[in-house]
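Colleague: Quick one, fold the following:
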Amino acid sequence: MGILDRFINRNDEEDQEKLEEGLDKTRSSFFGKIDRMIRGKDTVDAEVLDELEEILVTSDVGVDTTLDIIDHIEARVSEDQYVSTKELNAMIKDEIARMMLEGEEERPADFDADLPNTPHVIMVVGVNGVGKTTSIGKMAYRYRQAGKKVVVGAADTFRAAAIEQLEVWSDRAGVDIIKQEHGSDPAAVAYDTIEAAEARDADVVMIDTAGRLHTKGGLMDELAKMKRVMGRKIGSAPHEVLLVLDASTGQNAIRQAEEFTESVDVTGLVLTKLDGTAKGGVVIGVSHQFNVPVKYIGVGEDIDDLQVFDRKGFVEGLFKGVEA
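Modeller: I've put the predicted structure just below:
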């Protein structure tokens, strides 16, 4: 019995179908390489394991995560003495499931779950171009659909286009937006947003932030200042810091996660553009490598195409139709 067979909970059927469709490119690329690798071979030997290691690394699973998977498969091959290539997919599935599901007791809270704070303040960070503002709009929409009152703050004041984009998404989501002029102090916008949320009895506050290159120390200093200012308004704020990563950038997403998690107290990850890439293996890598959970994934461009990340559903989607 594989690890997944012990779980009976499932995503909502529609969400699971979207997830499986979103993983089509990753699944085809990953298992296509494995099929070509084992074609004409009868057993899993050192050469097969070496080739599997290369496939995992080039699929953006990450070096550390790949070595962990290979070590476990190698130990199983050694113990069983003879393992056919037909059994390899089942082994890969079990090892990925082991990593993804390790320590998971239940499905993470959905948008309609009770919030521990009122208002619940969420700071959203990430470099430019990863889909940060879009993700805020989608999360705001999902919260509003769940009956919660949401206020968003346009604290990326370094780019006028960022304020305009957030206005468009807040309008689509049907939520209030707090903004100031281009070039205003981002920390002041964050403070004003929380103040407005309290006055309007809002349930959720979402703060957009600048996304200049993560290699520039100035960005991290600015984010730290914003956190301090939010904390002056509400002692425990921000209650969440979500880092948005573009799944299609593969290893670059992992490098961004390393930089941000070292500099900012990131509490959760949002992975966007999963449907448009063959590099979905990055989800496995960031889930295993960082002590930060993947909370949400983007599987399309529509406003409702952002899902609460369910690790069981992800593994099932990755192996959909694969003989294992």
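Colleague: ok, and what's touching stretch 25-39?
Modeller: In this structure, residues lying in contact with stretch 25-39 by Cβ atoms under 8 Å, 6 or more residues apart in numbering are 48, 51-52, 55, 58-59, 85, 88-89, 92, 274-281, 317-322. Every residue, glycine included, has its C-beta placed from N, CA and C.
Colleague: what about 7 Å?
Modeller: Contact with stretch 25-39 is made by 48, 51-52, 55, 59, 85, 88, 277-281, 318, 320, 322, as judged by Cβ atoms under 7 Å, 6 or more residues apart in numbering.
Colleague: And stretch 288-300, by the same measure?
Modeller: 18-19, 22, 62, 64-65, 68, 99, 108, 131, 135, 139, 242, 254, 257, 261, 266-275, 283, 286-287, 305-309.
Colleague: Model confidence at Gln81, what's the number?
Modeller: At Gln81, the model reports a pLDDT of 68.
Colleague: Let me fix that, I meant to ask about Gly317.
Modeller: 88.
Colleague: Secondary structure element for it, which one?
Modeller: Using DSSP states H and E, Gly317 falls within helix 311-318.
Colleague: Can I get that helix in CSV? Just the C-alpha atoms.
Modeller: Only the C-alpha atoms of helix 311-318 are listed here, as CSV (Å, rounded to 0.1, in the frame of the first residue of the first chain):
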residue,chain,number,x,y,z
ARG,A,311,-0.4,18.4,-0.7
LYS,A,312,-2.4,15.1,-1.1
GLY,A,313,-4.2,16.6,-4.0
PHE,A,314,-1.0,17.8,-5.6
VAL,A,315,0.7,14.4,-5.4
GLU,A,316,-2.4,12.8,-6.8
GLY,A,317,-2.6,15.3,-9.6
LEU,A,318,1.1,14.9,-10.5
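Colleague: Which elements pack onto it?
Modeller: helix 13-22, helix 88-101 (3 or more Cβ pairs under 7 Å, 6 or more residues apart in numbering; DSSP states H and E).
Colleague: Kindly state which of those is positioned closest to Ala196.
Modeller: Ala196 sits nearest to helix 13-22 of all the helices and strands packed on helix 311-318, at 32.2 Å, using Cβ to Cβ.
Colleague: which ones among the contacts of stretch 25-39 are found in strands?
Modeller: Using DSSP state E, no member of the contacts of stretch 25-39 falls within strands.
Colleague: Give me the buried subset of these.
Modeller: Neighbour counting with 16 or more other Cβ atoms under 10 Å marks 48, 51-52, 55, 59, 85, 88, 277-281, 318 as buried within the contacts of stretch 25-39.
Colleague: Confidence-wise, which of those comes last?
Modeller: Thr85 (73).
Colleague: okay, now the closest residue in space to that one that isn't next to it in sequence: neighbour count?
Modeller: Spatial nearest neighbour of Thr85, chain neighbours left out: Ile38 (3.9 Å); criterion: Cβ to Cβ, 6 or more residues apart in numbering. Per other Cβ atoms under 10 Å, the neighbour tally for Ile38 reads 19.
Colleague: Likewise for Asp185?
Modeller: 16.
Colleague: let's have the chain start at 318 instead
Modeller: Noted, 318 is the first residue going forward, which turns the last one into Asp502.
Colleague: what's the distance between it and Val442?
Modeller: Distance, Asp502 to Val442, using Cβ to Cβ, to the nearest Å: 17 Å.
Colleague: Likewise for Leu586?
Modeller: Counting by Cβ to Cβ, the gap from Leu586 to Val442 is 11 Å.
Colleague: can you check Asp473 too?
Modeller: 10 Å.
Colleague: what's the answer for Glu404, then?
Modeller: Relative to Val442, and taking Cβ to Cβ, Glu404 is found at 43 Å.
Colleague: More neighbours: the two, which one.
Modeller: The residue with more neighbours, out of Glu404 and Val442, is Val442; 27 against 16, by other Cβ under 10 Å.
Colleague: And the strands in the protein, which stretches?
Modeller: 437-442, 467-471, 493-495, 521-525, 557-563, 585-589, 611-615, 623-625.
Colleague: among those strands, which is nearest Glu481?
Modeller: So among the strands of the chain, strand 467-471 is nearest, using Cβ to Cβ, at 8.9 Å.
Colleague: angle of that closest one against strand 437-442?
Modeller: 30 degrees (axes from the mean of the first three to the mean of the last three Cα atoms, to 10 degrees).
Colleague: Point out where this protein drops to low pLDDT.
Modeller: Residue ranges of the chain with pLDDT under 70: 318-328, 398-399, 419-426, 530-534, 640-641.
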